[in-house]
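Participant: Predicted coordinates and the sequence they were generated for:
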Number of protein chains: 2
Amino acid sequence: MELIQNNKCFDGEQRVYQIQSTSLNVASKFSIYLPPQALAGEACSALFYLAGLTCTEETFVIKAHAQRLAAQLGLILIAPDTSPRGEHVAKADHWDLGQGAGFYINASQAPWAEHYQMQSYIADELYALVVSEFPVLKDSIGIFGHSMGGHGALTLAWKYPEKFKSVSAFAPICAPSECPWGEKAFSNYLGADREEWKQHDALQLLKSKGALFKEVLIDQGAADQFYSQLNPEKYQQACIEVGQKLTLRQHAGYDHGYFFIQSFIDDHLQFHAIQLDHQ
Amino acid sequence: MELIQNNKCFDGEQRVYQIQSTSLNVASKFSIYLPPQALAGEACSALFYLAGLTCTEETFVIKAHAQRLAAQLGLILIAPDTSPRGEHVAKADHWDLGQGAGFYINASQAPWAEHYQMQSYIADELYALVVSEFPVLKDSIGIFGHSMGGHGALTLAWKYPEKFKSVSAFAPICAPSECPWGEKAFSNYLGADREEWKQHDALQLLKSKGALFKEVLIDQGAADQFYSQLNPEKYQQACIEVGQKLTLRQHAGYDHGYFFIQSFIDDHLQFHAIQLDHQ
């Protein structure tokens, strides 16, 4: 684990590390914000943030404006990259497939399977590393994300409820099996079998596994230019059917970008702090 | 004035405009944050923010994290580009001269004089445009900036105290005549006459014009990698000599970048709101 950047921020430290990932079979970077409480050695709650298409480990750190309140609440924030990267890593001539578009699943198909193992990377390798190397309160780790990363947060939470104790999302892709972004990614990474896709689709996981969390928070911009890819109403309907408490907020005039996210980031940090405190 | 981007943010709007600047003799972009009060037609205080070397009109908007409190306080925030730009605009093979490095002065020397008229652009053209096109409270406009833009804020405030009623800076270049960045810029843009330089040097303007503001706020990272270029102690000493009240805060461990700025941005907005209210 190599520290490649470290900047003091709100009396904490905003760091970037690079690791040789065994899951991804290539070096990968992640950002971590350590609030002042963590620097003082106090065990802290932690949140994994998964970013959207084209983003990197840097996007959340610069654009989401989360550090101020994380410093107050004593939250560690971890932001991984959105895919494996490198000249030997398969890529596509598309911004929504390949590098920058890992979709937080383990690919089974060539040429993707060799490096695109983002589910194992996040939920096993990086999770274990963070717990062992930083003062993280065990059983007090949440997950959230945006768009493709909102899909990642909702699916990893439902796949690993013993690891992630709280979950929220900004404009998540709620039903990737039913939208162009998700169909493109799943058919490439997982192959043509749509039964297999169900294990990696937030809507289908919710229907098959039922209610797993005390509450889920989703914020959605009503002027989101990608609204048709997201299907929040289907997710809301399924939450009602399975008895999963969901707070879905539709915000008039807000679009898909980080000006939307920064406007509501404090609410998400507060939400996770409350959920994790009540464990 | 062409609106080229508009994103809702904290119930206000973060916009980018492009204008055909007569001062710069080329098209130039600026960002403006309109808080909800301004959108509702209420006249608001306004702050011009001048960014540092290599930055654009986008830097402050993304990295400074000012919108949250600006929305609460009802402050309009204007962030211009840091130089004229374009294929017909003179440039240098240096990151600290030419495009991205206008130094907020009017160049008198070839090849720079044709477009590098940033002082007139900010203090006359853009100032007048903002006052005429947006609900700005006249006599309630402040200025602040970072590094090269801190130099810009301190010098434009001392040159135009009738226009800028409050001033603060992050890690400003306090005495450009006495540091490599400033000597390079001034010798290129203004020529070899060091007497002329004094009219564009914050330290020299303070000494010649004396105390002009009720209070000035400067934040400085004590671990700033460019500390030797900045000379805050000389500025502090001159403030004492001329009777200018200065709050200079040295922050242990903080460097020159935007993680430092975001950590103290709220204090600057509060400072300006108070100064402008007391006009």
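Facilitator: Perfect, I can see it now.

Participant: residue contacts, the residue in the stretch 101-250 of chain A positioned nearest to chain B?
Facilitator: Closest residue of the stretch 101-250 of chain A to chain B, Cβ to the nearest Cβ: residue A:223 (7.3 Å). For the C-beta atoms, the positions are set from N, CA and C on the backbone; glycine is no exception. Neighbour list for residue A:223: A:252-255, B:8 [criterion: Cβ atoms under 8 Å, 6 or more residues apart in numbering or on different chains].

Participant: What strand or helix carries the closest residue to chain B within the stretch 51-200 of chain A?
Facilitator: Proximity of the stretch 51-200 of chain A to chain B (Cβ to the nearest Cβ) peaks at residue A:65, 4.4 Å away. Assigned by DSSP states H and E, residue A:65 falls within no helix or strand.

Participant: I figured it hits residue B:66, correct?
Facilitator: No. Taking contacts as Cβ atoms under 8 Å, residue A:65 lies outside contact range of residue B:66: 9.5 Å.

Participant: which residues does residue A:204 contact?
Facilitator: Per Cβ under 8 Å, 6+ apart, neighbours of residue A:204: A:175, A:177, A:197-198.

Participant: Return a ChimeraX selection command for the buried portion of the residues you listed.
Facilitator: The ChimeraX command for the buried members of the contacts of residue A:204 (criterion: 16 or more other Cβ atoms under 10 Å in any protein chain shown) is given here:
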select /A:175,177,197
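
Participant: Nearest to residue B:238, out of the contacts of residue A:204: which one, please.
Facilitator: Relative to residue B:238, the closest of the contacts of residue A:204 is residue A:175; by Cβ to Cβ it sits at 64.1 Å.

Participant: can you list the residues of the stretch 151-279 of chain A near chain B?
Facilitator: A:221, A:223, A:253-255, A:257-260, A:262-263, A:266 (Cβ under 8 Å from any Cβ of the partner chain).

Participant: pLDDT for the contacts of residue A:204 - can I get that in CSV?
Facilitator: Shown next, in CSV, are those (pLDDT from 0 to 100):
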residue, pLDDT
A:175, 98
A:177, 98
A:197, 98
A:198, 98
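
Participant: out of the contacts of residue A:204, which are inside helices?
Facilitator: residue A:197 (DSSP state H).

Participant: What about the residues of the stretch 151-279 of chain A next to chain B, which are in helices?
Facilitator: Per DSSP H, the subset of these in helices is A:258-260, A:262-263, A:266.

Participant: which one of the residues you listed is nearest residue B:211?
Facilitator: Nearest to residue B:211 out of these is residue A:262 (Cβ to Cβ; 37.9 Å).

Participant: Which pLDDT value does the model give the closest one?
Facilitator: For residue A:262, the pLDDT comes out at 98.

Participant: That one against residue A:67, yeah?
Facilitator: No. The criterion here is Cβ under 8 Å, and residue A:262 misses it with residue A:67 at 11.3 Å.

Participant: what's around residue A:57, how many residues?
Facilitator: As a burial measure, residue A:57 scores 21 neighbours (other Cβ atoms under 10 Å in any protein chain shown).

Participant: Distance to residue A:209 and neighbour count for the contacts of residue A:223 - can I get that in a markdown table?
Facilitator: Output for the contacts of residue A:223, formatted as a markdown table (distance: Cβ to Cβ, whole Å; neighbours: other Cβ atoms under 10 Å in any protein chain shown):
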| residue | distance to residue A:209 | neighbour count |
| --- | --- | --- |
| A:252 | 33 | 9 |
| A:253 | 35 | 13 |
| A:254 | 30 | 24 |
| A:255 | 32 | 20 |
| B:8 | 35 | 22 |
